[in-house]
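> attaching a predicted model along with its sequence, questions to come.
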Amino acid sequence: MEPLVTVHVVSDAAGETGEHAVRAAAAQFPGGAVAIRRSGFVQNREAIDRVLEEAQGGRSVIVYTLVVPELKNYLVRRARRLGIPVIDLLGPLLETLEQTLGKSRNEPGLLRALNAEYFRKVEAIEFAVRYDDARDPSGILKADIVLIGVSRTSKTPLSMVLANKMFKVANVPLVPELEPPPELFAVPSRNVVGLTIRPEALNAIRKERLKALGLPDDAAYAKPERIEQELEYAHKIMKKIGCVVIDVSNRAVEESASVIADLFRDRKPG
């Protein structure tokens, strides 16, 4: 059937919010009765004039989600003069919220920006999981930040916290018996952060880890001489790379992540 009414959705962003609302309303009527035409990223009067010109001469309704007052007022004035019904989807809600929260920002595209931020965060978290513990060394070359250090220096937790700050992080364990992946020496040293810790602090952490696994706390993994060996080896690698080194002794993961994020503040994604 031919549409009985055409709803023009006008937005200063993508217009998805308005279209979803119109589709929900249109579902209450026979299929095909309502046609929807979306005009997104409307930023000036000329764009509004084009919508109004198209809406004339037929049974049309204009639904808008504009937040810039000047554009809203212009659209409403002109639509009423032309006899075209016009509906403000966001206005009543914004006005109600303003009674409690104060004046709104009236900035277009904020929801789109929030959505983009969300997807960047998800992408960074997936990256951290995929390239954890050097399981795929190719991630070292793609990462915003590469964390290196001996076992139990919070490489994985730090990777996840930094991922929530939208940094793509790979981490590499340093073990005396294993050569670091060659990719580690192929990235700029400024992308690498070495994590170090005081021997006695690491000893305590490893003993607790062994207990949690049901193993004796006097295993080689937690012996002071083994810890000294590992830390000495790690410091040699860090010196060879020339990277910044962060001491995570007695620091909460969030605190260490904040220190690292500050180092990369000027290179933050997005």
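Received it, and whenever you're ready, just let me know what you need.
> okay but Ser189 is in contact with Lys240, surely?
No. Contact criterion CB atoms under 8 Å: Ser189 and Lys240 do not qualify, at 9.5 Å. Backbone N, C-alpha and C define where each C-beta goes, glycine included.
> state whether Phe29 is indeed within a helix.
No. For Phe29, which was evaluated using DSSP: H, G, I helix; E, B strand; the rest coil, the result is coil, with no helix membership.
> count of residues packed around it?
11 (other CB atoms under 10 Å).
> where does the stretch 151-270 of the chain have low pLDDT?
Scanning the stretch 151-270 of the chain for pLDDT under 70 picks out 267-270.
> just the helices from it, written as ranges.
155-163, 199-212, 224-241, 253-263 (DSSP state H, counting those that start in this stretch).
> in JSON lines: these, plus distance to Gly91 and mean neighbour count.
Formatted as JSON lines, the helices of the stretch 151-270 of the chain follow (distance: least, CB to CB, whole Å; neighbours: other CB atoms under 10 Å):
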{"stretch": "helix 155-163", "distance to Gly91": "38", "mean neighbour count": "22"}
{"stretch": "helix 199-212", "distance to Gly91": "56", "mean neighbour count": "16"}
{"stretch": "helix 224-241", "distance to Gly91": "57", "mean neighbour count": "16"}
{"stretch": "helix 253-263", "distance to Gly91": "38", "mean neighbour count": "16"}
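> between those helices, which one is closest to Glu117.
The closest of the helices of the stretch 151-270 of the chain to Glu117 is helix 155-163. By CB to CB, the value is 12.9 Å.
> next, count neighbours for the residue nearest to Asp247 when sequence neighbours are not counted.
Nearest residue to Asp247, sequence neighbours excluded (CB to CB, 6 or more residues apart in numbering): Thr196, at 5.4 Å. A count of nearby residues for Thr196, using other CB under 10 Å, gives 18.
> tell me the contacts of Thr196?
By CB atoms under 8 Å, 6 or more residues apart in numbering, Thr196 lies in contact with Gly149, Thr153, Leu231, Ala234, His235, Met238, Val245, Ile246, Asp247, Val248.
> bridged to the first one, which residues?
Looking back up the chat, that one is Gly149. Counting by DSSP bridges, Gly149 is bridged to Pro173, Leu195.
> residues contacting it?
Lys155, Asn171, Pro173, Leu174, Gly194, Leu195, Thr196, Ile197, Ala234, Val248 are the contacts of Gly149 under CB under 8 Å, 6+ apart.
> hang on, the earlier thing: now render the helices of the stretch 151-270 of the chain as TSV, adding distance to Arg78.
Below are those laid out as TSV (distance: least, CB to CB, whole Å):
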stretch	distance to Arg78
helix 155-163	48
helix 199-212	68
helix 224-241	64
helix 253-263	48
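> which one of those lies closest to Phe185?
helix 224-241 (6.7 Å).
> that closest one packs against which elements?
Judged by 3 or more CB pairs under 8 Å, 6 or more residues apart in numbering; DSSP states H and E, the packing partners of helix 224-241 are strand 145-149, strand 192-196, helix 199-212.
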